[in-house]
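Asks: okay, sequence plus prediction incoming.
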Amino acid sequence: MATVELLDVRKSFGAMQAVAGVSLRIAEGEFVALLGPSGCGKTTTLNLIAGFLEPTGGDIRFDGTSVARLPPHRRNIGVVFQSYALFPHMTVAQNVAFGLEMRKLPKPQVTERVRRALDIVHLGQMEDRNSRQLSGGQQQRVALARALVIEPAVLLLDEPLSNLDAALREQMRFEIREIQQRVGITTVFVTHDQSEAMAAADRLVVMDKGVIRQVGTAREIYETPVDPFVAGFIGQANLIAGTIDRVTGGQAQVVLEDGTRVVASCRPDAHAGQAVMLMVRPEDASVSAVAPPVTAPSATPPSGGNALSGTLLRASLLGATINLGVAVGERSLSVSVPRGTALPPVGSAVFVTWDPERALLFPA
């Protein structure tokens, strides 16, 4: 295991800066996920850690020692690629043994380490099977065993689940987490799938346009995103523009674009006249066909719930929840309620309500 440090790492391809000053410390044995939209720099960052790319600037250190100019084979890393990159003419055992044989290890030692690696990924009975005869999930496990068998200091996973179907992908994300915890290896996992990252990683690193927007646990980033981009990328978020009218006791009264007044928790530096974005998570809102009591604007923000009038557009069953779409003016808001909730018919006039404590404000 090793600590991994990125110190103001930059990477340019001509005039295009793919990574623009990334600094991050990954602790020994930690599982960190790099995630963000396509083109955000997450895969380039992984390739810089691996040594497949050389940084334009900054430094990369393993256990305090710079590896920025070392080739991949001298960094003691294991890599699982998106395509798995298995040799189709080899058996499972031969694929896993390949890296050890390149290192000229004695055959008895190779055999023992291959057996141990296959046991870790639950493929101990399949060592003689040809890799072409394996399912997608089995191929993914072979690729993971091949990366672990060399006993690397750092394990790098480049979108390893993207080729699997939804059910298998969900199963494998938990298996990868279980294996990582059992082995205790420092792991960097690149994905664009927020669910994979939230289920597997100790910390998430949300990237956009070559920079880190936020680092934290899944709960920290979901409940307290630092800006509208992170709020919209991690989970669903209703984002509505408005202007703060007044601030009282940690809450702000906000005038929305249509003149509606609502209340939300605010930051200490919030002030009257500030343009803001109001964020409400779908599961923190509810829908009612009956108008709630309306509190007249006053110097003290109302302590009750907020209400926006609209029209129920759809109700989609998504397993344990029902996702509702509500037209409010020219925008559509998303509301998530438990399955079995009594709802008015689609097309009904409704109110979207939420507790002020469950809404956040960001500077616009």
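Replies: Yep, that arrived. Residues are numbered from 1 along each chain as shown.

Asks: just how off-centre is stretch 109-129 within its chain?
Replies: Relative to the centre of its chain, stretch 109-129 is centred 31 Å away, using C-alpha atoms, centre = their mean, to the nearest Å.

Asks: just the buried residues of that stretch, please?
Replies: Val110, Arg113, Val114, Ala117, Leu118, Ile120, Val121, Leu123, Met126, Glu127 (16 or more other C-beta atoms under 10 Å). C-beta: built from backbone N, CA, C; applies to glycine.

Asks: redo those as JSON lines? Include distance to Ala237.
Replies: Shown next, in JSON lines, are these (distance: C-beta to C-beta, whole Å):
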{"residue": "Val110", "distance to Ala237": "51"}
{"residue": "Arg113", "distance to Ala237": "47"}
{"residue": "Val114", "distance to Ala237": "47"}
{"residue": "Ala117", "distance to Ala237": "42"}
{"residue": "Leu118", "distance to Ala237": "43"}
{"residue": "Ile120", "distance to Ala237": "39"}
{"residue": "Val121", "distance to Ala237": "37"}
{"residue": "Leu123", "distance to Ala237": "40"}
{"residue": "Met126", "distance to Ala237": "44"}
{"residue": "Glu127", "distance to Ala237": "47"}
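
Asks: in JSON lines: those residues, plus pLDDT and secondary structure.
Replies: Formatted as JSON lines, the buried residues of stretch 109-129 follow (pLDDT from 0 to 100; DSSP: H, G, I helix; E, B strand; the rest coil):
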{"residue": "Val110", "pLDDT": "92", "secondary structure": "helix"}
{"residue": "Arg113", "pLDDT": "93", "secondary structure": "helix"}
{"residue": "Val114", "pLDDT": "93", "secondary structure": "helix"}
{"residue": "Ala117", "pLDDT": "91", "secondary structure": "helix"}
{"residue": "Leu118", "pLDDT": "91", "secondary structure": "helix"}
{"residue": "Ile120", "pLDDT": "90", "secondary structure": "helix"}
{"residue": "Val121", "pLDDT": "88", "secondary structure": "coil"}
{"residue": "Leu123", "pLDDT": "87", "secondary structure": "coil"}
{"residue": "Met126", "pLDDT": "87", "secondary structure": "coil"}
{"residue": "Glu127", "pLDDT": "87", "secondary structure": "coil"}
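
Asks: next, count neighbours for Arg177.
Replies: For Arg177, the neighbour count with other C-beta atoms under 10 Å is 18.

Asks: ok so it is a helix residue?
Replies: Yes. Applying DSSP: H, G, I helix; E, B strand; the rest coil, one finds Arg177 inside a helix.

Asks: how about the contacts made by it?
Replies: Listed by C-beta atoms under 8 Å, 6 or more residues apart in numbering, the contact partners of Arg177 are Phe31, Ala199, Ala200.

Asks: thought the second one was touching Gln171?
Replies: Think Ala199. No. At 10.8 Å, Ala199 does not count as touching Gln171 under the criterion of C-beta atoms under 8 Å.

Asks: in three-state terms, label Glu170 for me.
Replies: Assignment for Glu170 (three-state DSSP): helix.

Asks: how much space is there between it and Leu157?
Replies: Computed as C-beta to C-beta, to the nearest Å, the Glu170 to Leu157 distance reads 16 Å.

Asks: next one: Ser23
Replies: Distance of Ser23 to Leu157, given as C-beta to C-beta: 22 Å.

Asks: higher neighbour count, Glu170 and Leu157?
Replies: Between Glu170 and Leu157, counting by other C-beta under 10 Å, Leu157 is the more crowded of the two (28 against 14).

Asks: I'd say Val226 and Val215 touch.
Replies: No. Val226 sits out of contact with Val215 when judged by C-beta under 8 Å, with a separation of 9.8 Å.

Asks: need the helices for the protein, in chain order.
Replies: With helices called from DSSP state H, the chain shows them at 42-50, 92-102, 107-120, 136-148, 166-183, 194-200, 218-223, 228-233.
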